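Asker: Give me the fold of what follows.
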Amino acid sequence: MHAYFIGIGGMGMSAIAKILHEEGFAVAGSDRNTEGDFCKRLAAEGIKIYPQDGSGIEAFMRDKSLSSEEIVAVKSGAVEAKVSDVIKATELGIKQMMRSDLLAKLFNEKKGIAVAGTAGKTTVTGIIAWLLKEGGLDPSCASGGIIKEFDTNAFAGKGEYFVIEADESDGSIVKYFPEIAILTNIYKDHKPIEELAELFSTFLEQTSGKKIVCCDDPEAAKLAEKYSAVTCRTSGKADFLATDIIEAQDFTSFKCNGVDFKTSLRGLHNVRNILVAVAAAYFAGVSLEQSAKAISSFSGMNRRFEFVGEARGVQVIDDFAHNPVEIAMAIETARKMSDQLFCIYQPHGFGPARFTKDELIEVFASLKKGEKLYVDDIYYGGGTVTKDISSEELVKEARKISDRVFYLPSSEAVAKEIVSEAKTGAIVLVMGARDINAICGDILKRLKKG
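Answerer: Take a look at the predicted model:
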């Protein structure tokens, strides 16, 4: 279908826009920030990007000689009714569609592989897409991050499989009817565990084929038992079991059902990610041996424990971790690489910070000797939100337990302090789902000067 995307620069919106464009449909869109990374990526592929002022829809229709009946206006939950393009689409009588509904339509028309869970979805989606591609299955994919091997978050393949990241935060996960479903874990994030378990239950119930669950997580394991799922573990007994795990400085290796795997991805959580991905690929027709060969060349996802650079013997790593469990995983992985660790974290938003306040404080207070955590101000993306919590408040509570947590609202001040203290062998770990990673370059620049 021909489509105009309102807020096309978002990760999820840009993914579907790119897929439709590659399938030969007329696609354009608008965004508040037309110079954003995904807007630039889409523009480079020939997709016209307009300012979000209500002028773009008619310009798109004229440019492509389309009538209002021939296009659909796509929007996400972040796009409010008062946005000029939404008002214009309504005036023109253009059908409007939510991003999640369009993705569900595209997904449900193919053999779908959907990845769900609180943490690890993006990485698992990227790995599965890579394994299937290397296995000759040429899948389509819509991921929540840039897959380094493809340098994109989405693509339209000619094969029968469509791999997606199924989002539970907005409840849209229940719109998907996969042939193969993956559940990574269930932790408190966006919603209470009970509500998440209910959503994931519906997701598994709607799966026509294999249900694959990482049973290292106890909450996920409950659903695996309930639905007689294919089990994956790093200990004990499972259908796909990782054994002989070695976490080295620059690689991780393990055996899965007798087959040797070696990867540049670090951390035990990535062993789990690979396990469920390998299981999904296996049931799609890719052997364990094929997957082992493919995973050896998979370099990961952008902003998922990504090595940004090194100066004066100090490594700077960027990670998308934004909820308490992901933060703890990232810190634990970095901890195995160095006993001198400088962490920077930007809370995801006022709602998430408020909802996971106690869990965040617990993680902040768990730092060990030689480790420091600097908390930046809570990210504000605009719109009407209740600002009844602050990073300063979170740090104040955490410092009742640990003096290794600091509130520094200025990224410049954080960079200066870290550069003045960091010694050879130190790790700087920058965490957050928004724009905090801009500090990585500043820290490296200062280290090189210093």
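
Asker: Any idea how far apart the tips of stretch 326-345 sit?
Answerer: Start-to-end span of stretch 326-345 (Cα to Cα, to the nearest Å) is 12 Å.

Asker: Identify each buried residue in that stretch, please.
Answerer: Across stretch 326-345, burial judged by 16 or more other Cβ atoms under 10 Å covers 326-331, 333-335, 337-338, 340-345. Every residue, glycine included, has its C-beta placed from N, CA and C.

Asker: Tell me, how many residues neighbour K400?
Answerer: K400 has 10 neighbouring residues, counting by other Cβ atoms under 10 Å.

Asker: Need phi/psi at it.
Answerer: Main-chain torsions, K400, degrees, to the nearest 10: phi -70, psi -20.

Asker: my read: Y379 touches R434, true?
Answerer: Yes. Y379 sits in contact with R434 when judged by Cβ atoms under 8 Å, with a separation of 4.1 Å.

Asker: any residues in contact with both of these two?
Answerer: With contacts taken as Cβ atoms under 8 Å, 6 or more residues apart in numbering, the residues that reach both Y379 and R434 are Q346, H348.

Asker: longest single helix anywhere in this protein?
Answerer: Ranked by number of residues, the top helix in the chain under DSSP state H is helix 268-284.

Asker: So what's the gap between that helix and the chain middle?
Answerer: Averaging C-alpha positions (Cα atoms, centre = their mean, to the nearest Å) puts helix 268-284 16 Å from its chain's average.

Asker: Check stretch 17-34 too.
Answerer: Centre-to-centre, stretch 17-34 and its host chain are 21 Å apart (Cα atoms, centre = their mean).

Asker: mind listing what's buried in that stretch?
Answerer: A17, K18, I19, L20, H21, A26, V27, A28, G29, S30, D31, T34.

Asker: show me the residues around the first one that make contact.
Answerer: So that's A17. Each residue near A17 by Cβ under 8 Å, 6+ apart is listed here: A3, F5, I8, V27, G29, L42, I47, V74.

Asker: pretty sure it belongs to a helix, no?
Answerer: Yes. Using DSSP: H, G, I helix; E, B strand; the rest coil, the assignment for A17 is a helix.

Asker: next one: phi and psi at the residue lying closest to Y345 once chain neighbours are set aside?
Answerer: Leaving aside its sequence neighbours, Y345 sits nearest to M431 (Cβ to Cβ, 6 or more residues apart in numbering; 4.7 Å). For M431, the backbone dihedrals (degrees, to the nearest 10) come out as phi -130, psi 140.

Asker: And the pLDDT for M431?
Answerer: Note for M431: predicted pLDDT of 96.

Asker: mind checking the SS state of the closest residue to A365 other than its chain neighbours?
Answerer: Spatial nearest neighbour of A365, chain neighbours left out: I401 (3.8 Å); criterion: Cβ to Cβ, 6+ apart. Classification of I401 by three-state DSSP places it in coil.
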